[in-house]
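Student: Return atomic coordinates for the entry below.
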Amino acid sequence: MPYALTNARFFTGDEWLTNTAVLVEGDTVFALTNHFAEDVQHIDLHGLTVAPAFIDLQIYGAGGYLFNSQPTPEAIGQTYAAIRQTGTLHFQITLSSVPMETVWTAIEATKKYLAENGTGLLGLHLEGPYFNPIKRGAHKAGYLRTPEMDELRRIVEQGRGAVTYLTAAPELFKEEQLALLLASEIYFSAGHSNATYAQAQRAFGQGVGRVTHLYNAMSPFQHRAPGLVGAAFDSPASASIIADGVHCDWAAVRIAKQMMGERLFFITDAVTEDLSGEYQFRLAGDHFTDENGVLSGSALTMMQAVQNAVQHAGIELGEALRMASTYPARVMNLDQRLGRIAPGFAASLVLFDDDYRVQGIVENGRLAWLA
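Tutor: Prediction:
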């Protein structure tokens with residue numbers, strides 16, 4: 001039965017609206033209007049802010065379930081159960097550099113979750129194992145690999161319908177290897193890379209259109225060697241950034257925003273505390289470290305990223321919301337269905353108050369109160 005969300009401040013992804021209502025029918029936004037049948041249920045939101053639900057393209061687990069340690073459909077489901085409470089209704093479950101046997105297991109787990117449930121999941125993000133060892137960060141050196149054509153073909157073939165994103169160092173790839181991936185359904189994102197400016201621009205010229213966690217684990221910007229950071233600034237590529245105040249300074253977030261505009265978007269890079277596997281994630285205040293104290297993941301939520309951007313990086317609220325929804329949808333070529341409140345778009349919304357506390361969600365067209 002259709003219903004109307006009223007008395008709220010709506011951010012559509014394009015503009016702010018107050019003197020209107022959002023009419024939801026089934027799992028879709030039907031209209032933004034004040035004219036609808038009298039028998040339509042009115043739901044008074046008492047001045048809450050409503051925006052497109054968040055889209056997190058890099059999260060490793062939540063609620064005590066880490067996909068590295070438990071590459072299972074249950075871990076994916078538990079991750080979603082946790083992050084939906086914070087307004088993230090679409091995500092890529094992410095796998096670190098691990099043995100290839102675990103990669104194949106993770107692919108099958110992703111396929112099973114998508115076939116049996118699929119709620120919230122966009123696909124599997126393989127962060128590794130094709131990294132430059134110099135920029136491996138907290139990834140295990142023993143699991144890093146040199147790209148081989150047969151193995152890449154298997155990832156493309158076996159991963160069809162599951163693997164949506166691959167973060168790798170483009171300088172490690174031969175031209176035909178990169179061409180194979182770019183012709184597949186997998187989005188290649190440059191990261192954990194020591195690429196020179198010229199190497200990065202060559203990759204962008206071949207079709208690489210994404211960069212993973214800007215500034216972190218990549219060749220930095222220097223005035224005589226602009227590196228991957230400089231190449232990202234000076235290209236059409238989009239880049240994710242971790243706005244937690246730990247992975248990069250707030251000034252760096254602000255500068256990147258000024259340089260990249262709509263090409264910059266948020267990820268959480270979030271993990272959950274887990275000491276059961278080879279990757280050890282220990283909560284250290286507002287971030288996680290490995291057994292050696294190396295920064296290994298965030299404790300961020302997308303709602304916190306939005307709040308941080310507004311309060312610490314001087315980014316206007318509407319633009320911060322776009323960085324958490326509209327722009328990730330565009331990066332995944334899902335921007336005809338997600339990332340906006342508009343007729344024909346998914347009724348996938350987050351409701352929050354003036355203190356950035358998530359009060360409710362609209363999930364597949366169904367309103368759920370969380371507070």
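
Student: Tell me where the stretch 201-350 of the chain has helices.
Tutor: Remark: helices assigned in the stretch 201-350 of the chain by DSSP state H, counting those that start in this stretch are 227-233, 250-260, 302-312, 317-324, 326-331.

Student: tilt between the second one and helix 317-324?
Tutor: Interaxial angle of helix 250-260 relative to helix 317-324 (axes from the mean of the first three to the mean of the last three C-alpha atoms, to 10 degrees): 80 degrees.

Student: returning to what we had before: as CSV, the helices of the stretch 201-350 of the chain with mean pLDDT, distance to Met100 and mean neighbour count would be great.
Tutor: Where C-beta positions appear, they are placed from N, C-alpha and C, glycine not excepted. Formatted as CSV, those follow (pLDDT from 0 to 100; distance: least, C-beta to C-beta, whole Å; neighbours: other C-beta atoms under 10 Å):
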stretch, mean pLDDT, distance to Met100, mean neighbour count
helix 227-233, 98, 26, 24
helix 250-260, 98, 34, 17
helix 302-312, 98, 31, 21
helix 317-324, 98, 33, 23
helix 326-331, 98, 27, 24
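
Student: Would you format those helices as CSV with distance to Ile186 included?
Tutor: Listed next are the helices of the stretch 201-350 of the chain as CSV, based on distance: least, C-beta to C-beta, whole Å:
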stretch, distance to Ile186
helix 227-233, 20
helix 250-260, 23
helix 302-312, 23
helix 317-324, 23
helix 326-331, 13
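
Student: can you tell which of the ones you listed is closest to Ile155?
Tutor: The closest of those to Ile155 is helix 326-331. By C-beta to C-beta, the value is 20.1 Å.

Student: Residues touching that closest one, excluding its own?
Tutor: 13, 52, 55-57, 90, 187, 210, 238, 262-267, 335, 337-340 (C-beta atoms under 8 Å, 6 or more residues apart in numbering).

Student: coming back round to it: and the helices of the stretch 201-350 of the chain: which comes nearest Ile83?
Tutor: helix 302-312 (8.0 Å).

Student: Please list the residues outside that closest one that contact it.
Tutor: 54-56, 83, 86-88, 242-245, 250, 253, 266, 268, 315-317, 319-321, 323-324, 350, 352, 356, 358.

Student: Which PyMOL command selects the buried ones in these?
Tutor: A single PyMOL command selects the buried members of the contacts of helix 302-312 (16 or more other C-beta atoms under 10 Å):
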select buried, resi 54+55+56+83+86+87+88+242+243+244+245+253+266+268+315+317+319+320+321+323+324+350+352+356+358
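
Student: Buried ones among the contacts of helix 326-331?
Tutor: 13, 52, 55-57, 90, 187, 210, 238, 263-267, 335, 338-340.

Student: so of those, which ones are in strands?
Tutor: Counting by DSSP state E, the part of the buried ones among the contacts of helix 326-331 found in strands is Pro52, Ile55, Asp56, Leu57, His90, Tyr187, Arg210, Ser238, Leu264, Phe265, Phe266.

Student: List the contacts of the first one.
Tutor: Pro52 makes contact with 11-13, 321, 325-326, 329, 338-341, 345, 348-350, according to C-beta under 8 Å, 6+ apart.

Student: Kindly report the same for the fourth one.
Tutor: If you count contacts by C-beta under 8 Å, 6+ apart, Leu57 has them with Phe91, Gln92, Leu122, His125, Tyr165, Ser240, Phe265, Ile267, Pro328, Val331, Met332.

Student: Then the third one?
Tutor: Under the criterion of C-beta under 8 Å, 6+ apart, the neighbours of Asp56 are Ile83, Thr88, His90, Phe91, Gln92, Phe266, Ile267, Thr268, Ala270, Met302, Pro328.

Student: which among the residues you listed gets closest to Asn34?
Tutor: Among the contacts of Asp56, and counting by C-beta to C-beta, the member closest to Asn34 is His90, at 28.9 Å.

Student: Surely that closest one is in contact with Gly118?
Tutor: No - using C-beta atoms under 8 Å as the test, His90 is too far from Gly118 to be in contact (11.1 Å).

Student: so which strand or helix has the closest residue to Gly120 other than its chain neighbours?
Tutor: Using C-beta to C-beta, 6 or more residues apart in numbering and skipping the chain neighbours, the partner closest in space to Gly120 is Tyr80 (4.3 Å). Element membership for Tyr80, per DSSP states H and E: helix 73-83.

Student: CA atoms of that helix as PDB?
Tutor: Extracted C-alpha coordinates of helix 73-83, given in PDB (Å, rounded to 0.1, in the frame of the first residue of the first chain):
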ATOM      1  CA  PRO A  73      27.100 -15.800   3.500                       C
ATOM      2  CA  GLU A  74      26.300 -15.500   7.200                       C
ATOM      3  CA  ALA A  75      29.200 -13.000   7.700                       C
ATOM      4  CA  ILE A  76      27.800 -10.900   4.800                       C
ATOM      5  CA  GLY A  77      24.400 -11.000   6.300                       C
ATOM      6  CA  GLN A  78      25.600 -10.000   9.800                       C
ATOM      7  CA  THR A  79      27.600  -7.200   8.300                       C
ATOM      8  CA  TYR A  80      24.500  -5.800   6.600                       C
ATOM      9  CA  ALA A  81      22.400  -6.300   9.800                       C
ATOM     10  CA  ALA A  82      25.000  -4.000  11.600                       C
ATOM     11  CA  ILE A  83      25.500  -1.300   9.000                       C
END
